[in-house]
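>>> here you go, sequence then predicted model.
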Amino acid sequence: MKDDHQATVGRRALLSNLGVAAVAGLAVSASQLSAQPAAPSAPHPTGFQPARHSQDSWLDEMPGSHRVIVDSSSPVGGASALWYANNILSAHEESYEGSAADYAMVVCFRHVSTPYGFDDGIWAKYGSLFDRAADPAPTANPMNTAGPSSGGNSIGSSVARGVQFAICGRATRRYAMAIASSTGVTADEAFAELTAGLIPNAQLVPAGVVTVTRAQEYGYSLLYAE
């Protein structure tokens, strides 16, 4: 039994080491890692370079020595995304003696978490559409209040730490169509109202799924919140 246990531990250590080597590309010591800052992204072995588009340029303009995008597609995931983003910043501040300013930190609200990208004025009008199960219907963006589901973080406290938000344009268009069908305004009018009522530090992006993938082409690490 002892030999079996040792063999299992050995296999786990080997797999772990292989995983590290696959990610890093080569074995380096901790001192080498601290002495040599990592490149934004490793060159592709075939020489592939992703095309750049003006719609994504804001991702490359954000300052910071670390880049992270936290993706969410559900109400629970949206709340968790705020929690995860702030956990990363706090751990960096507390354990690495860094600051939140060291991070280019993006939280993506897409699909069903998209309404978290709208301000209280929009929620006051359309909260019943955004959360049909709530009784009474919400009249303010739930993420504007620090609560347990977001780890005590809010949009305001996240903005104060420099967190940026990517709001899905395609999902926003779908919500605009739903508003139009229930209020009589045109979809374009509803879309204009929604885009004028974004939360602070927000970028309306063509599609959240595209931005999440393009961010990785710009050297962002991806964390999915659910």
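That came in fine, so what should we check first?
>>> and the pLDDT at residue 150?
Note on residue 150: pLDDT of 94.
>>> can you give me the strands in the chain?
Counting by DSSP state E, the chain has strands at residues 66-72, 103-109, 164-168, 202-205, 221-224.
>>> shaky segments in this protein?
In the predicted model, the chain carries pLDDT under 70 at residues 1-44.
>>> now with 90?
1-48, 133, 135 (pLDDT under 90).
>>> quick one: contacts of stretch 199-215?
For stretch 199-215, contacts defined as C-beta atoms under 8 Å, 6 or more residues apart in numbering pick out 50, 53, 55-56, 58-59, 67, 69, 71, 73, 106, 108-111, 114, 116-119, 141, 155-156, 159, 162-172, 195, 198, 222. Where you see a C-beta, it was placed from the backbone N, CA and C, and this is true even at glycine.
>>> at 6 Å instead, please
Contacts to stretch 199-215, defined as C-beta atoms under 6 Å, 6 or more residues apart in numbering, come from residues 55-56, 58-59, 69, 71, 108, 110, 117, 119, 155, 159, 164-170, 195.
>>> kindly report the same for stretch 216-226.
Applying C-beta under 6 Å, 6+ apart, the set of residues contacting stretch 216-226 from outside is 40-41, 50, 59-60, 67-72, 77, 80-81, 84.
>>> top of those by number of neighbours, please.
Among these, the one with the most neighbours (other C-beta atoms under 10 Å) is residue 81, at 32 neighbours.
>>> quick one: it from residue 113, how far?
Distance of residue 81 to residue 113, given as C-beta to C-beta, to the nearest Å: 7 Å.
>>> which of the contacts of stretch 216-226 sit farthest apart?
Farthest apart among the contacts of stretch 216-226 by C-beta to C-beta are 50 and 80. That separation is 28.4 Å.
>>> using TSV, please lay out the strands of the chain together with distance to residue 148.
Listed next are the strands of the chain as TSV, based on distance: least, C-beta to C-beta, whole Å:
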stretch	distance to residue 148
strand 66-72	17
strand 103-109	18
strand 164-168	21
strand 202-205	24
strand 221-224	20
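>>> on that earlier part again, which of the contacts of stretch 199-215 are buried, as a ChimeraX select command?
Applying 16 or more other C-beta atoms under 10 Å to those leaves a buried subset, and the ChimeraX line that selects it is:
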select :56,59,69,71,108,110,117,119,155,164,165,166,167,168,169,195
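>>> let me see the ranges of the helices in this structure.
In the chain, the helices defined using DSSP state H lie at 2-24, 30-35, 57-61, 75-95, 120-130, 155-160, 169-183, 187-196, 208-217.
>>> and residue 147, which of the ones you listed is closest to it?
Of all the helices of the chain, it is helix 75-95 that lies closest to residue 147, at 7.7 Å by C-beta to C-beta.
>>> quick one, the closest one and strand 103-109 angle?
170 degrees (axes from the mean of the first three to the mean of the last three C-alpha atoms, to 10 degrees).
>>> got the buried residues for helix 75-95?
Counting neighbours by 16+ other C-beta under 10 Å, one finds that the buried residues in helix 75-95 are 75, 77-86, 88-89, 92.
>>> who are the packing partners of that helix?
Applying 3 or more C-beta pairs under 6 Å, 6 or more residues apart in numbering; DSSP states H and E, one finds that helix 75-95 contacts strand 66-72, strand 103-109.
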